[in-house]
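Asker: Here is a sequence with its predicted model. Questions after.
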Amino acid sequence: MEAKDNVIDTAETKQSIGRDWKEGVLYQLYPPSFKDSNGDGWGDIGGMLEKVDYLAELGVSAVWIGPVCDSPMEDNGYDIRDYYKIHDAYGTMEQFEELLVKLHKRDIRLVMDLVINHTSDEHAWFEASRSSKDNPYRDYYIWKPPAADGGPPNNWRSFSEESAWELDERTGEYYLHIFDKKQPDLNWDSEAMRQDLYEMIRFWLEKGVDGFRLDAINMISKHPDFPDAPQDARHPRGQQFYKNGPRIHEMLRELHEATFGRYPGTLTLGEAPTVTMDEVVRYTAPERKEMDMVLQMELVRMGKDFGDPWKTDPDWSPAMLKESVVRWYEEVFNRGAYALYLSTHDHPRMVGTLFGDRAGVGGTEGKSCNDAAAKAIGTFLHTLPGTPLVYQGEELGMPNANYRSLQDYRDKGTVSAYQRRLAEGESERDILASLHARSRDGARSPMHWTGGPEAGFTDGTPWIRINSQAKETNAEDEQNDFSSVLNHYRQLIRLRQQSPVPARGDLNMLELEDEWLFAYVRAAAEERWIVLINFSNQSRSCRIDEKWACLIEQGELLLASGLATSGFPKSGIPLQRRGDRKDDCMLDLLPYQSAIYRISAAD
Ligand code: NOJ
């Protein structure tokens, strides 16, 4: 492969960066909200270039950058109009290439978002496709005649809560859109369409891109009969007929062979909601050559009602968190691969979801609770089996944006849910409370770079309101504060680089009587770690097996966190031996306290 201007040879880069993908830490950068360099209020590549050193100091090994291709921005770039062009508001192709070079020089790989389940309805393929029934691009998308009553071909609903079909007057047929009507689904049964996509992917691989996060990738194969779903099916209705469909594995293998497989070392990270563990293994077993990893999407959805994303699951408990962690470990860890994330651009931030109400006491105390909770989350993320994926701002302990009126929201799905619920008679107060708890805009407020105007994100007016908490929680202040959330994350990432335990170790989740307390052991080669976390805002105690108590006492404290302290008191050990009985040993953890102990295998 030839080196192009400004671009380093891909094979050479991938080898020099070297480490197994699974061992690193991935970072998700959400382009509109990362950093604006030209004052238009919208994040851009110029802003990313300014912050490469920040990412290098954090220590992440790869950055997944949300979609930056040309788009009408109905869904912040997940609606691509031209796969070969950088969206004007983000900058130019030259800047993108410069970013690639700069990241590579700092040993950081660049993972692009690949949105290939659908395009924008403004993509040239769709414009041709809708123009007539016999246009050569007609079958690039999924068209069906109306049902006998003139309505949509079946009863599937899209993620935007309406029918998944849109009638196009020009030809009198409906097209399928699993997401918004501005995002028509591509027809993966069309050979010509697939070949065009592969060519486009090779274009980016030739530039030296190191990997792809594959958007909604388990939705590309639809049931050939497009059957109706049961009326009471969970949201979004019909998903059993387009997720993990009949040709999915065949399609992924062909995709791999035509693209990524030709560029060894390329990472593919699949977004595959609603999968069984066996399905995950089929997607990611290395010998099957489909994808390298899938995103573990259960933890990030914790606390949400799966049937209605706007509601809280009344049955949620921390025991479900433990169950999910153990199930993925036991059924996938040694057979396939997954990345773990606790926050992302599609869900409110975990620090708000899990701890929001309990941590939200306001003022200095509130800040201290928020930060302790954020550190506990960080400890959890970096010490579990699975590759950690940190979402921008999580490493600062950024809370959810404090949006309180409809005018603050930008996400189309959020706005349409508000309107629907208002029309159904719900009170505005209740709707706004649930948007605050559940809207993905809560996690999309711009990065807090400084405590100054617009959080140092832009010199102009930001596209979405800045969180007022930027004054207390921002990168500038945290850089030099040893006890900050940022430094906790830096240390966690460093620990992962120094030991095989977090990336490769076995997991043994200890059974404790208190569901809010987590204690687990990770073991690899000559080393074991014991991780202790209190996920509640109360001090908690429960009995712990004598064997583990002794090991904790002998262990070396690698990292600790808790309320308004960067560690445990000098005595160091969160244990109490009560009475005379040797086995009467209690684990005592302060609110949001976390600790990692190292024990050598000989102990
Ligand atoms: C998943 C992306 O993460 C989300 O933001 C987007 O709206 C949908 N896929 C549609 O592309």
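Answerer: Nice, I can see it.
Asker: Show me where the stretch 501-603 of the chain dips below the pLDDT cut-off.
Answerer: 564-572, 579-583, 601-603 (pLDDT under 70).
Asker: Okay, strands next: where are they in it?
Answerer: For the stretch 501-603 of the chain, the strands defined by DSSP state E, counting those that start in this stretch occupy 506-509, 517-524, 527-534, 540-543, 556-561, 575-577, 585-589, 594-600.
Asker: N474 touches A455, doesn't it?
Answerer: Yes: proximity of N474 to A455 meets the contact threshold set by C-beta atoms under 8 Å, at 6.3 Å. For the C-beta atoms, the positions are set from N, CA and C on the backbone; glycine is no exception.
Asker: Need the residues touching each of those two.
Answerer: 448-449 (C-beta atoms under 8 Å, 6 or more residues apart in numbering).
Asker: Which helix runs longest in the protein?
Answerer: If you go by DSSP state H, the chain has its longest helix at helix 363-383.
Asker: Pull the distance from that helix to the chain's centre.
Answerer: 19 Å (C-alpha atoms, centre = their mean, to the nearest Å).
Asker: again with stretch 297-306
Answerer: With C-alpha atoms, centre = their mean, you get 12 Å for stretch 297-306.
Asker: Give me the distance between M48 and A148.
Answerer: 52 Å (C-beta to C-beta, to the nearest Å).
Asker: Looking at the two, which is more packed in?
Answerer: M48 (27 against 6; other C-beta atoms under 10 Å).
Asker: Am I right that the more buried one is in a helix?
Answerer: Yes: under DSSP: H, G, I helix; E, B strand; the rest coil, M48 falls within a helix.
Asker: Now the residue minimising distance to the centre of the chain. Nearest residue, chain neighbours left out?
Answerer: Nearest residue to the geometric centre of the chain (C-alpha atoms, centre = their mean): T344, 4.0 Å. The shortest distance from T344 to any non-neighbouring residue, by C-beta to C-beta, 6 or more residues apart in numbering, is to Y391 (5.0 Å).
Asker: Could I get the phi/psi values of the closest residue to T266 other than its chain neighbours?
Answerer: Excluding the flanking residues, the one nearest T266 by C-beta to C-beta, 6+ apart is F260, at 4.4 Å. Main-chain dihedrals, F260, degrees, to the nearest 10: phi -60, psi -40.
Asker: you'd agree F260 is up against T268?
Answerer: Yes: F260 is within contact range of T268, at 5.5 Å (criterion: C-beta under 8 Å).
Asker: Touching both of these two, which residues are there?
Answerer: Here F260 and T268 share the contacting residues F212, scored by C-beta under 8 Å, 6+ apart.
Asker: show me where the stretch 151-300 of the chain has strands.
Answerer: Using DSSP E, counting those that start in this stretch, strands in the stretch 151-300 of the chain cover 165-168, 173-176, 211-214, 267-270, 293-296.
Asker: The ligand is nearest to which of the ones you listed?
Answerer: Closest approach to the ligand among the strands of the stretch 151-300 of the chain is made by strand 211-214 (8.6 Å; C-beta to the nearest ligand atom).
Asker: Now do the closest one: everything it contacts.
Answerer: For strand 211-214, contacts defined as C-beta under 8 Å, 6+ apart pick out 21, 62, 64, 109-114, 116, 201, 204, 260, 266-271, 291-292, 295.
Asker: tell me the phi and psi of whichever residue of the stretch 51-200 of the chain sits closest to the ligand?
Answerer: In the stretch 51-200 of the chain, the residue that lies nearest the ligand is Y78 (3.3 Å; C-beta to the nearest ligand atom). Note on Y78: its backbone torsions stand at phi -80, psi 20 [degrees, to the nearest 10].
Asker: residue contacts, it?
Answerer: Y78 touches 67, 71, 113, 115, 179, 183, 215, counting by C-beta under 8 Å, 6+ apart.
Asker: repeat that with 10 Å
Answerer: By C-beta atoms under 10 Å, 6 or more residues apart in numbering, the residues touching Y78 are 66-67, 71, 113, 115, 117-118, 120, 179-180, 183, 215-216, 345-346.
Asker: restrict those residues to those near the ligand?
Answerer: 115, 179, 215-216, 345-346 (C-beta under 6 Å from any ligand atom).
Asker: show me the contacts for the residue nearest to the centre of the chain.
Answerer: Counting by C-beta under 10 Å, 6+ apart, T344 touches 28, 30, 64, 66, 271, 295, 297, 300, 350, 389-392, 394, 440, 443.
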